[in-house]
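Trainee: Fold the following and give me the result.
(one chain, ligands or ions: 2)
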Amino acid sequence: EALRLQMASKDKGLGLIDRPLYIKALMSKSAESILEAVIKRDPHEGEFIQAVSEVVHSLEAVLSKNPQFVHVLERLLEPERVIMFRVPWVDDKGEMHVNRGFRVQFNQALGPYKGGLRFHPGVNLSVMKFLGLEQTLKNGVTSLNLGGAMGGSDFEPKGKSDNEMMRFCQSFMEELYRHIGPNQDTPCGDIGVGTREIGYLFGQYRRLTSQYESLLTCKSPPWGGSQLRPEATGYGLVYFAKEVLADLDKDLKGLRCVVSGSGKVAMYALEKLIAFGAIPVSISDSRGCIIDEDGFDFAKLSHLRDIKNHRKSLREYTKTHSRAKYIDDGKPWGVKCDMAFPCASQNELNHSDAMALVNAGCKIVVEGANMPCTTDALEVFRKSKIVYAPGKAANAGGVVISGLEMVQHSGRIQWSADEIDSKLQEVMKEIYLKCKKAANEFGIGLGSPESLVHGANIAAFLRVARAMLEQGCV
Ligand SMILES: NC(=O)C1=CN([C@@H]2O[C@H](COP(=O)(O)OP(=O)(O)OC[C@H]3O[C@@H](n4cnc5c(N)ncnc54)[C@H](OP(=O)(O)O)[C@@H]3O)[C@@H](O)[C@H]2O)C=CC1
Ligand SMILES: N=C(CCC(=O)O)C(=O)O
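Mentor: Ligands and ions are numbered 1, 2, ... in the order given. Take a look at the predicted model:
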């Protein structure tokens with residue numbers, strides 16, 4: 001029945017919203033009714049429904065053994081607060097512009113809201129809610145006491161001067177500061193928001209409140225930031241991948257890796273892969289990808305992509321490295337490889353990309369981005385027995401070091417890069433073991449390629465749900 005529904009949905013070319021049809025066929029009544037309620041309430045929020053479908057599917061076994069959690073899950077899937085606001089700003093020519101700002105404060109049961117800020121024209125409420133849910137579960141799967149949130153704006157940072165970026169950040173914080181604080185909500189970076197933007201946001205917050213508080217992370221180390229916070233997501237991703245490989249008696253050395261994206265997460269993942277002797281052969285940006293079969297000149301690449309140089313196009317790399325090929329509108333998934341690290345954006349890797357990866361010999365996919373694989377791509381991985389590590393576990397290194405930044409900032413101390421790095425390695429191993437344990441406890445054995453995603457959802461949900469149950473119907 002599930003396969004029939006799945007084929008039917010594919011034949012009719014049903015959209016994202018209908019994709020859960022075949023997933024629903026696999027679900028018990030209570031799980032299906034929870035998903036149906038979400039689809040009924042916001043049928044146009046495709047990304048959010050996609051994220052919810054995966055979570056509800058993972059929790060079937062938990063709900064059947066713990067019926068008291070059914071109502072907790074219903075509450076969890078509705079954000080505690082959605083703040084949307086106008087962001088007016090003036091460009092260098094004196095022209096006025098307006099953008100939309102968001103802060104989705106998803107769940108505060110485990111601690112103050114914690115999550116990124118994304119500046120990208122693709123930002124809308126559905127994307128903010130999917131990221132808020134992912135962040136809630138990601139923070140839940142760590143041992144940190146942090147709730148989940150996500151915010152940002154549909155502002156396009158590309159082509160903006162430093163002064164325009166500063167004025168936009170100041171206007172954005174002019175509203176956001178009413179809703180955040182060290183014990184309330186502590187934002188950080190994400191797509192389009194790095195240390196430069198966090199600096200401008202922090203300066204405006206200080207001006208408005210005259211408070212020097214630990215309320216933004218990814219700050220610059222000399223004034224309260226943590227060592228290795230920019231590197232943390234990419235480094236942690238590779239540490240997680242090493243744990244997955246170790247269980248398969250493999251190691252990164254000599255493995256060919258395809259990476260997508262060339263921002264903060266992708267570039268530091270590339271650096272760490274090279275350090276461990278892996279051979280990254282591709283990276284990408286929103287206009288195309290570079291294939292360099294012999295491996296990359298990391299120093300040259302990182303100079304090109306540095307935000308201080310306004311992130312030059314990847315095409316510039318081929319001017320000094322003739323062996324590299326730049327492919328307009330290209331994606332890196334067809335290149336012969338052993339592992340894939342999607343580190344760009346949601347739904348960047350679809351059904352045909354997944355098929356290309358299978359044909360290229362890929363055996364393991366480790367997500368650096370949040371929800372980079374479509375439901376159809378995950379179905380291909382499942383059928384082809386490709387081991388798949390979800391972003392909510394594998395990319396949690398960023399928020400973990402954000403949590404450590406908050407500890408250092410409030411204690412007015414700063415740990416060394418080595419201390420942070422060894423803590424990061426330890427935490428990524430802990431997260432991996434938690435996912436494995438949860439999957440095994442509920443009978444989704446490690447043999448099944450999607451066990452880590454179920455394990456991550458189960459481990460995270462149980463931690464958040466227990467707190468929500470004890471804190472009453474709020
Ligand atoms: N920063 C963090 O701490 C964390 C980030 N993540 C996730 O990792 C991913 C990357 O974030 P981050 O590296 O910080 O962001 P950056 O803005 O630093 O880099 C984003 C990269 O992805 C590319 N990109 C953006 N949108 C698209 C798209 N629609 N299609 C193809 N490529 C695209 C960009 O290309 P171009 O330069 O051409 O725009 C750029 O190379 C996101 O999914 C984010 O949510 C997860 C955990 C932590
Ligand atoms: N964008 C982030 C980082 C969140 C944080 O460090 O608060 C993520 O985990 O997706």
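Trainee: from here on, contacts and neighbour counts on C-alpha atoms
Mentor: Fine.
Trainee: how many other residues sit next to residue 65?
Mentor: Around residue 65 there are 10 other residues, counting by other CA atoms under 10 Å.
Trainee: Revised request: answer the last question for residue 64.
Mentor: Burial measure for residue 64: 14 neighbouring residues, criterion other CA under 10 Å.
Trainee: Check the one 5 residues further on too.
Mentor: Neighbourhood size, residue 69 [other CA under 10 Å]: 20.
Trainee: Contact partners for the closest residue to it other than its chain neighbours?
Mentor: If the residues on either side of it in the chain are set aside, residue 69 comes closest to residue 63, at 6.2 Å by CA to CA, 6 or more residues apart in numbering. By CA atoms under 8 Å, 6 or more residues apart in numbering, the contact set of residue 63 is 31, 69, 70.
Trainee: part of a helix, is residue 63?
Mentor: Yes - the assignment for residue 63 by DSSP: H, G, I helix; E, B strand; the rest coil puts it in a helix.
Trainee: sorry, back to before: so which of the contacts of residue 63 belong to strands?
Mentor: In this view, these have no member that belongs to strands under DSSP state E.
Trainee: near ligand 1, from the residues you listed?
Mentor: Restricting those to those touching ligand 1 (CA under 6 Å from any ligand atom) yields no residues.
Trainee: Kindly indicate which of those lies nearest residue 389.
Mentor: If you rank these by distance to residue 389 using CA to CA, residue 31 comes first, at 23.3 Å.
Trainee: Distance check, residue 283 against ligand 1.
Mentor: Applying CA to the nearest ligand atom, to the nearest Å, one obtains 8 Å for the distance of residue 283 from ligand 1.
Trainee: Quickly note the distance from that residue to residue 336.
Mentor: Going from residue 283 to residue 336 by CA to CA, to the nearest Å gives 14 Å.
Trainee: okay, these two: which has more neighbours?
Mentor: Taking other CA under 10 Å, residue 283 and residue 336 do not tie; residue 283 has more neighbours (31 against 19).
Trainee: My read is that that one contacts residue 261, right?
Mentor: Yes - under the criterion of CA atoms under 8 Å, residue 283 is in contact with residue 261, at a separation of 5.8 Å.
Trainee: For the residue in the stretch 51-200 of the chain positioned nearest to ligand 1, which residues are in contact?
Mentor: Of all residues in the stretch 51-200 of the chain, residue 191 sits closest to ligand 1, with a separation of 3.4 Å (CA to the nearest ligand atom). Residue 191 makes contacts with 117, 118, 119, 120, as judged by CA under 8 Å, 6+ apart.
Trainee: helix/strand/coil for the second one?
Mentor: In this case it means residue 118. Reduced to three states by three-state DSSP, residue 118 is strand.
Trainee: Hmm, residue 188 and it touching each other?
Mentor: No - taking contact to mean CA under 8 Å, the distance of 9.0 Å between residue 118 and residue 188 leaves them out of contact.
Trainee: For the contacts of residue 63, give me CSV that also has distance to ligand 2.
Mentor: Written out in CSV, the entries for the contacts of residue 63 read as follows (distance: CA to the nearest ligand atom, whole Å):
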residue, distance to ligand 2
31, 26
69, 25
70, 26
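Trainee: how about the residue of the stretch 351-474 of the chain found nearest ligand 2, what does it touch?
Mentor: Across the stretch 351-474 of the chain, no residue is closer to ligand 2 than residue 399, which sits at 3.5 Å (CA to the nearest ligand atom). Applying CA under 8 Å, 6+ apart, we find residue 399 in contact with 115, 139, 233.
Trainee: And the helices in the stretch 201-350 of the chain, which stretches?
Mentor: 229-247, 264-275, 298-305, 315-320 (DSSP state H, counting those that start in this stretch).
Trainee: I would like the residues contacting the shortest one, please.
Mentor: For helix 315-320, the external contacting residues (CA under 8 Å, 6+ apart) are 290, 300, 301, 304, 324, 325, 326.
Trainee: Same check on the third one?
Mentor: The contact list for helix 298-305, computed with CA under 8 Å, 6+ apart, reads 262, 263, 267, 270, 271, 309, 311, 312, 313, 314, 316, 317.
Trainee: Could you rerun that using 7 Å?
Mentor: Contacts with helix 298-305, where a contact means CA atoms under 7 Å, 6 or more residues apart in numbering, come from 267, 271, 311, 312, 317.
Trainee: cool, and the second one?
Mentor: Residues outside helix 264-275 that contact it (CA under 7 Å, 6+ apart): 230-231, 233-235, 237-238, 259-260, 280, 298, 302, 343, 368.
Trainee: Residue 473 in helix, strand or coil?
Mentor: Of the three states, residue 473 takes coil according to three-state DSSP.
Trainee: ok, now which ones touch it?
Mentor: With contact taken as CA under 7 Å, 6+ apart, residue 473 is in contact with no other residue.
Trainee: quick one: the strands in the stretch 51-200 of the chain?
Mentor: For the stretch 51-200 of the chain, the strands defined by DSSP state E, counting those that start in this stretch occupy 81-90, 96-107, 113-119, 148-153, 185-188.
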